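1. all I have is the shape, not the residue letters:
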């Protein structure tokens, strides 16, 4: 299977220490099977930071290697997915709040920070939170959280 990573930086080697905290599925290396989504993410990062250039890297994953990894998969927007995203987005440490090698599931909408504050303040319910953070179209992301998971990726 082919996966794509959009960025504004040159990637010589995937280094999980470069990953940011507070992401949908925690600290990790994020990819998508949709090349156009990766291109939009690369362009957005370039616009946001104003350095480098928009780049899309292509990777293939060894499906046999996946069998040896601990994978959590969300097939759609569910309350379980929303709670998992909320838990990871609230974690501002470099310690993972789960023990999965790979997490697969929908991308949350970019305004999630605002919605997290609203649910924490009791302005909206968890059910409303789920509806508010759905991305305009279901777009799947793959998050590789461990070095063992990263080793299953081959750059194309």
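-> Received, thanks. It should be emphasised that the depicted structure is a prediction, and the values quoted were computed from it without experimental measurement.
2. helix, strand or coil for the closest residue to residue 39 other than its chain neighbours?
-> Spatial nearest neighbour of residue 39, chain neighbours left out: residue 56 (5.4 Å); criterion: Cβ to Cβ, 6 or more residues apart in numbering. C-beta here means a position set from N, CA and C on the backbone, and glycine is covered the same way. Following DSSP: H, G, I helix; E, B strand; the rest coil, residue 56 is assigned to strand.
3. need phi/psi at residue 71.
-> Phi and psi for residue 71, reported as degrees, to the nearest 10, are phi -120, psi 130.
4. the residue nearest to residue 39 contacts residue 5, correct?
-> Yes: at 7.1 Å, residue 56 counts as touching residue 5 under the criterion of Cβ atoms under 8 Å.
5. when those two are compared, which one has more neighbours?
-> With neighbours defined as other Cβ atoms under 10 Å, residue 56 and residue 5 compare such that residue 5 has more, 22 against 18.
6. so which bits of the helix or strand encompassing that one are buried?
-> Element membership for residue 5 (DSSP states H and E) is strand 2-7. In terms of neighbour count (16 or more other Cβ atoms under 10 Å), strand 2-7 has its buried residues at 3-7.
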